[in-house]
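In: Any chance you could fold what I've pasted below:
(chains A, B, C and D)
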Number of protein chains: 2
Amino acid sequence: MEIGDVDRTLALLWRRTLGTPQGSRGPRQRFTVDEVVRAAIEVADADGLPAFSMRKVADRLGLKLMSIYTYVPGRSELIGLMVDEVIGEDAFRPATGTLRQRLAAIARQAWDEVMRHPWLLQVEEYRPWIGPNGSAKYEWQLSAIDGAGFTDLEMDQVVTLLVGFAQNAARAAVAARRAAEQTQMTDAEWWEINAPVLERLMPPGAYPVSGRVGQVAGETYNALADPERSFQFGLERILDGLAFLLDRSLLDRSLLDRDG
Amino acid sequence: MEIGDVDRTLALLWRRTLGTPQGSRGPRQRFTVDEVVRAAIEVADADGLPAFSMRKVADRLGLKLMSIYTYVPGRSELIGLMVDEVIGEDAFRPATGTLRQRLAAIARQAWDEVMRHPWLLQVEEYRPWIGPNGSAKYEWQLSAIDGAGFTDLEMDQVVTLLVGFAQNAARAAVAARRAAEQTQMTDAEWWEINAPVLERLMPPGAYPVSGRVGQVAGETYNALADPERSFQFGLERILDGLAFLLDRSLLDRSLLDRDG
DNA sequence: TCCTAACTCCGTATGCCGTACGGAAAAACG
DNA sequence: CGTTTTTCCGTACGGCATACGGAGTTAGGA
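Out: Model (predicted):
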């Protein structure tokens, strides 16, 4: 990654706060950066990130391939712009309600975001491009739990925990949706193909516990898994765990008061 | 996915329990399926899944590209074999200790597995290939918490929660490792490039809470994030939440006893 | 007014990828 | 010994990101 690219890409990310720069020489561009990013998002929504290509974005706009590179430096920078753009689809109204509700809202927001644009899960970038909407989201998340009794460090960890959990749960939900769409096969049909073969291959009685649990799970889910239910189950456990952390902190503090 | 492929791939997965089939006509294969799978794993370990290619596997074995297809039906089936193979690197000795320790062991096992073979996170397959080692792992996971007081359905959900959480935490750790390796840049250096630009772009005072929390987090982590610490923090919260679930179930049950 | 620098758009080329297809050689069976 | 089966491989196709250079267009400066 070149330093010049960082400058250019950050300027693209913050283009709305910067305003449009004046006075460039050549022919005017046929589109705006916004239009390019929007077209790119439509491609990714339809095809997923692996099948997302510069060619498809160009086609969608009626441009030829190489013209895209006059709008954005390259594929990964364009993806950075797409990410911040879809984050901005949320209004981030200050969270209200009890602490438990506000914690749940953080997780739910992350879930919704990913369900709207599943390709977000396929963006593997440890060092994020820092854009206006990503920054606003982090501020919103932290504000939702500010003053609840967590330390500053814990606040970051709580957000990481909730968002990570929600994204992971959504990952399963998205995969289930894709499997149904792409393979034109239900989980039941899939099982009907696999079960008889496995019955011949698996040593009988080798999996007593998973046999029992798998049976119950399969009948309850009516599928291989039930991501929405897993999300609810996990979220309740995590919220209970966070409540416990706060209670104990309060207890510790009152003990300190007594001792000090 | 053709039905014939399912048969063939499942037979490949369970090849050890099946034994080697006798009497095939043509020339003998220069390698075993095991050797092909092992070579493929080495490629994926080195390059990651996106850069993992049939050509590289062939090169590593001294075969020409198309010969690989006489061993395995295709890329995605080979990846299925690789997944079950690396799961088998674990011995899955029955978990011991307190329930809390056994729950932690499930998460820790998932974390270790992914840290050994990061490309596991890039395998997006909702319907898993069911192999001997995957089956053994699921049996081990459930056995570790069997009889602890969870319902059968809860047992599946608990495993899903722990494994999903651990994988997600490992995802961050792996990304951090890769970022350091690939960009030849520390988080501090990355920040030195971004910070001055952002200072010009960001509206001053727009992010009061994240400014405060980000400061503390950055100083504590000495990096953009601290995945190992996030893992510990989240795991403790989840274990607390699960303990709470069990306590409440026991309470409910004793109330029922009194009433009934 | 006119020249020139800067910019957009695009054609071409390079080196990757998975895999379909068909041919040559080798081994085992009848 | 011929036939069948199987391995190994060469070639080809359509996909990908992007480096490079050229043609045409526009705005600013002389």
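
In: need the contact list for the residue in the stretch 1-150 of chain A positioned nearest to chain B.
Out: Nearest residue of the stretch 1-150 of chain A to chain B, counting by CB to the nearest CB: residue A:126, 3.7 Å away. Quick note: C-beta positions are derived from backbone N, CA and C, even for glycine. Contacts were defined as CB atoms under 8 Å, 6 or more residues apart in numbering or on different chains; by that measure residue A:126 touches B:172, B:175, B:176, B:178, B:179, B:224.

In: So which of these is the closest to residue A:43?
Out: Among the contacts of residue A:126, residue B:175 lies closest to residue A:43 (CB to CB), at 24.4 Å.

In: before we move on, back to that, check the residue of the stretch 1-150 of chain A closest to chain B and give its pLDDT.
Out: On the pLDDT scale, residue A:126 is placed at 84.

In: Need phi/psi at it.
Out: phi -70, psi -40 (degrees, to the nearest 10).

In: From residue B:196, how far off is it?
Out: Taking CB to CB, to the nearest Å as the measure, residue A:126 falls 21 Å from residue B:196.

In: Would you list the phi and psi of residue A:170?
Out: The phi/psi pair for residue A:170 (degrees, to the nearest 10) reads phi -60, psi -30.

In: likewise residue A:142?
Out: The phi/psi pair for residue A:142 (degrees, to the nearest 10) is phi -70, psi -40.

In: Skipping adjacent residues, who's closest to it in space?
Out: Of all residues not flanking residue A:142 in the chain, residue B:209 sits nearest, at 4.4 Å (CB to CB, 6 or more residues apart in numbering or on different chains).

In: and the one you found, what is it in contact with?
Out: A:139, A:142, A:143, A:146.

In: thinking again about what came up before, please pick the buried ones from the contacts of residue A:126.
Out: Applying 16 or more other CB atoms under 10 Å in any protein chain shown to the contacts of residue A:126, the neighbour count classes B:172, B:175, B:176, B:179, B:224 as buried.

In: The third one sits in which helix or strand?
Out: Using DSSP states H and E, residue B:176 sits within helix B:152-183.

In: Residue A:235 in helix, strand or coil?
Out: Assigned with DSSP: H, G, I helix; E, B strand; the rest coil, residue A:235 falls in the helix class.

In: any idea how far it lies from residue A:37?
Out: Residue A:235 is 32 Å from residue A:37, by CB to CB.

In: more neighbours, these two?
Out: Each of residue A:235 and residue A:37 has its neighbours counted (other CB atoms under 10 Å in any protein chain shown); residue A:37 has more, 25 against 21.

In: Let me see the contact set for the more buried one.
Out: A:78, A:81, A:82, A:85.

In: farthest-separated two in the residues you listed?
Out: Maximum distance among those (CB to CB): 10.3 Å, for A:78 and A:85.

In: ok, these two, which is more surrounded?
Out: Set side by side, residue A:78 and residue A:85 show more neighbours around residue A:78, with 25 against 19, by other CB under 10 Å.

In: ok, the closest residue to the more buried one other than its chain neighbours - contacts?
Out: Nearest residue to residue A:78, sequence neighbours excluded (CB to CB, 6+ apart): residue A:72, at 4.4 Å. Residues in contact with residue A:72 (CB under 8 Å, 6+ apart) are A:9, A:12, A:33, A:36, A:78, A:81.

In: Tell me where the stretch 151-260 of chain A is predicted with low confidence.
Out: A:255-260 (pLDDT under 70).

In: 50 - rerun?
Out: Residues of the stretch 151-260 of chain A meeting the criterion pLDDT under 50: A:260.

In: how near is the residue nearest to the spatial centre of chain A to DNA strand D?
Out: The centroid of chain A falls nearest to residue A:114 when counting by CA atoms, centre = their mean (4.1 Å). Using CB to the nearest atom of the strand, to the nearest Å, residue A:114 is found at 22 Å from DNA strand D.

In: residue in the stretch 101-250 of chain A nearest to DNA strand C?
Out: residue A:182 (14.0 Å; CB to the nearest atom of the strand).

In: Just put the contacts of residue A:126 in JSON lines and tack on distance to DNA strand D.
Out: Listed next are the contacts of residue A:126 as JSON lines, based on distance: CB to the nearest atom of the strand, whole Å:
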{"residue": "B:172", "distance to DNA strand D": "24"}
{"residue": "B:175", "distance to DNA strand D": "19"}
{"residue": "B:176", "distance to DNA strand D": "22"}
{"residue": "B:178", "distance to DNA strand D": "17"}
{"residue": "B:179", "distance to DNA strand D": "17"}
{"residue": "B:224", "distance to DNA strand D": "23"}
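
In: Lovely, talk soon.
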